[in-house]
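# return a 3D structure for these sequence lines:
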Amino acid sequence: MVGGRSSVVLLAVILLTTSCAGPIPGDHGAAPPSSATTERPTLVLRHSDGGGFQAGIWGTLGVVDGCVVILHDGGSVSVPVFPDGVTRWVGDEIDMDGERLVLGEPVTLGGSSSDTLAGVAGVAGVTFPVGCRADEYWIVTP
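Predicted structure coming up:
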C-alpha cells in the first residue's frame, strides 16, 4: 500500500465466514446460518484483550474474493481484522460490540494498520484464510 494510506487500510476485509472461522466466540447461542442461505463473506477475527489503538480508517465496506474488505477511493483495499467475542453477523449486517456495519455503506473504524500478515499475527494472533489477502490489514478496535 501507499505509505500515506496506512491508516486508510481500515476495514479491507472483514473476514467472517462461518466456513473459515467456524463458530464465532461470543455468539451466545445464535443459530448458525442455514446451509440453504447464501454464504456470508469471511470476517477475520482476532483475540481481543480490551486494549485499543487510536488511528482511524474509512471507506466503503465491501466484499472481494469472498472476504469482507474496506474499499478506498483510488482503488486500494484493506482487510479489517475484527475483535472476536464482540463481532458477529446479525442477518446481513455485522454487529461489532453494538455498532452495526452494512456492506456497501461508508464505514469509519478505529485501530491500527499493518502491511504484512506477520505484523497482524504478532499483534492479533490471526490465521488468515487464503482468499483474504490484501496490501494492507486494519486491526480494528471497537
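# so which residues of the protein form helices?
18-21, 117-124 (DSSP state H).
# going by mean pLDDT, which of those helices comes out lowest?
Mean pLDDT is lowest for helix 18-21 out of these, coming in at a mean of 34.
# quick one, strands of this structure?
Using DSSP state E, the strands of the chain run over 44-46, 55-64, 67-71, 77-83, 87-90, 93-96, 99-102, 106-114, 136-141.
# what lines up beside the last one in the sheet?
In its sheet, strand 136-141 lies beside strand 77-83 (parallel), strand 106-114 (antiparallel), with partners assigned from DSSP bridges.
# could you give the angle of the first one to strand 67-71?
Strand 77-83 and strand 67-71 are oriented at 120 degrees to each other (axes from the mean of the first three to the mean of the last three Cα atoms, to 10 degrees).
# kindly report the same for the longest one.
Orientation note: strand 106-114 sits at an angle of 100 degrees relative to strand 67-71 (the same axes, to 10 degrees).
# check which residues of strand 106-114 are buried.
Buried residues in strand 106-114, defined by neighbour count with 16 or more other Cβ atoms under 10 Å: Val107, Leu109, Gly110, Gly111, Ser112, Ser113, Ser114. For glycine as for every other residue, the C-beta is placed from the backbone atoms N, C-alpha and C.
# what mean pLDDT does that strand have?
For strand 106-114, mean pLDDT rounds to 91.
# could the C-alpha coordinates of that strand be exported in PDB?
What follows is strand 106-114, C-alpha atoms only, in PDB (Å, rounded to 0.1, in the frame of the first residue of the first chain):
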ATOM      1  CA  PRO A 106     -19.500   4.000   4.200                       C
ATOM      2  CA  VAL A 107     -17.600   2.900   7.300                       C
ATOM      3  CA  THR A 108     -15.100   4.600   9.700                       C
ATOM      4  CA  LEU A 109     -13.200   2.300  12.200                       C
ATOM      5  CA  GLY A 110     -10.600   2.900  14.900                       C
ATOM      6  CA  GLY A 111      -7.500   0.800  15.100                       C
ATOM      7  CA  SER A 112      -4.000   0.400  13.600                       C
ATOM      8  CA  SER A 113      -2.600  -0.900  10.300                       C
ATOM      9  CA  SER A 114       0.000  -3.400   9.200                       C
END
